[in-house]
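curious how this folds, go ahead:
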Amino acid sequence: MHYKKAKVYCDGSHYIAIPYEKQERKKRKNASRYSELNAKVENIYKKSDKHSRKERVKETIEKLNEKINNIEKSTQIVKQNIDRLTRNEIVRRTRLSRKVYLQEWHYFCTFTYDSEKLNENEFRKKLSNCFKHLSSRKGWKYVGVWERSPNNQRLHFHGLFYIPQMVGELIEKRDYSTTKRKMQKAKQNTFFLDRF
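From the prediction side, this is the model:
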């Protein structure tokens, strides 16, 4: 083992060392053309996300083959790109799970917006900016995802939060849930209620 050559990084509170492994790398002849093809393959593959994986691969190969007119080369490029995308997703998830498991979380929160106060783009920008300020000024840590509701396709944010210093006050609100058809209790924050 080459411990001196290990890659060491800090994920915020812990140092992690990844052992050194020598990898053979080949130089690409046409790097710009190769990156253009990668971008095309990614766009085609992402647009067909409603189909199964086999259908997506087949459709991507067909559309790429229309541009370069070589089925073997198209197949090879698409397979390499899908392997690369899969590897990148695995690495991102691994990095995220390391960060998530090293932190003690206080709250699971859902953030929505009032259409009279903000539109969708303003909501996304202002909420992201608010989280940035709270994390740097108040020590908040968060991990979350933007998604749309299945029925209304309305944008909202789900997140896990570590909150050492709360802003605003938590109030308990009772209202009727039309989906569950019963009364429900929810805790809401006055700081976010006023702004969003």
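
ok, now how distant is Arg124 from Lys132?
Distance of Arg124 to Lys132, computed by CB to CB, to the nearest Å: 13 Å. Every residue, glycine included, has its C-beta placed from N, CA and C.

the two: which has the busier surroundings?
Neighbours around Arg124 and Lys132, counted as other CB atoms under 10 Å, are more numerous at Arg124. The numbers are 15 against 11.

so that one is in which element?
Following DSSP states H and E, the helix or strand that holds Arg124 is helix 120-137.

am I right that Tyr20 sits in a helix?
No. Assessed by DSSP: H, G, I helix; E, B strand; the rest coil, Tyr20 does not belong to a helix; its assignment is coil.

tell me the phi and psi of the residue nearest the centre of the chain?
Central residue of the chain (CA atoms, centre = their mean): Val145, 6.0 Å from the mean position. As for Val145, its main-chain torsions (degrees, to the nearest 10) stand at phi -150, psi 140.

now it, which residues is it bridged with?
For Val145, the beta-bridge assignment (DSSP bridges) gives partners His158.

hang on, the earlier thing: for the helix holding Arg124, give me every contacting residue.
Residues outside helix 120-137 that contact it (CB atoms under 8 Å, 6 or more residues apart in numbering): Phe111, Tyr113, Leu118, Trp140, Lys141, Tyr142, Trp146, Leu155, Phe157, Val167, Arg195, Phe196.

stretch 162-182 now?
Outside stretch 162-182, the residues within contact range by CB under 8 Å, 6+ apart are 103-107, 134, 138-142, 183-194.

now the buried members of those.
The neighbour-count test (16 or more other CB atoms under 10 Å) applied to the contacts of stretch 162-182 identifies Gln103, Leu134, Trp140, Lys141, Tyr142, Asn189, Phe192 as buried.

could those residues go into JSON lines alongside secondary structure, distance to Ile82 and pLDDT?
Converted to JSON lines, those look like this (DSSP: H, G, I helix; E, B strand; the rest coil; distance: CB to CB, whole Å; pLDDT from 0 to 100):
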{"residue": "Gln103", "secondary structure": "coil", "distance to Ile82": "32", "pLDDT": "82"}
{"residue": "Leu134", "secondary structure": "helix", "distance to Ile82": "38", "pLDDT": "94"}
{"residue": "Trp140", "secondary structure": "coil", "distance to Ile82": "37", "pLDDT": "92"}
{"residue": "Lys141", "secondary structure": "strand", "distance to Ile82": "33", "pLDDT": "91"}
{"residue": "Tyr142", "secondary structure": "strand", "distance to Ile82": "31", "pLDDT": "91"}
{"residue": "Asn189", "secondary structure": "strand", "distance to Ile82": "42", "pLDDT": "90"}
{"residue": "Phe192", "secondary structure": "helix", "distance to Ile82": "40", "pLDDT": "91"}
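
distance to Asp83 added to the residues you listed, as JSON lines?
Supplementary listing: these in JSON lines, determined by distance: CB to CB, whole Å:
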{"residue": "Gln103", "distance to Asp83": "31"}
{"residue": "Leu134", "distance to Asp83": "39"}
{"residue": "Trp140", "distance to Asp83": "37"}
{"residue": "Lys141", "distance to Asp83": "33"}
{"residue": "Tyr142", "distance to Asp83": "32"}
{"residue": "Asn189", "distance to Asp83": "44"}
{"residue": "Phe192", "distance to Asp83": "42"}
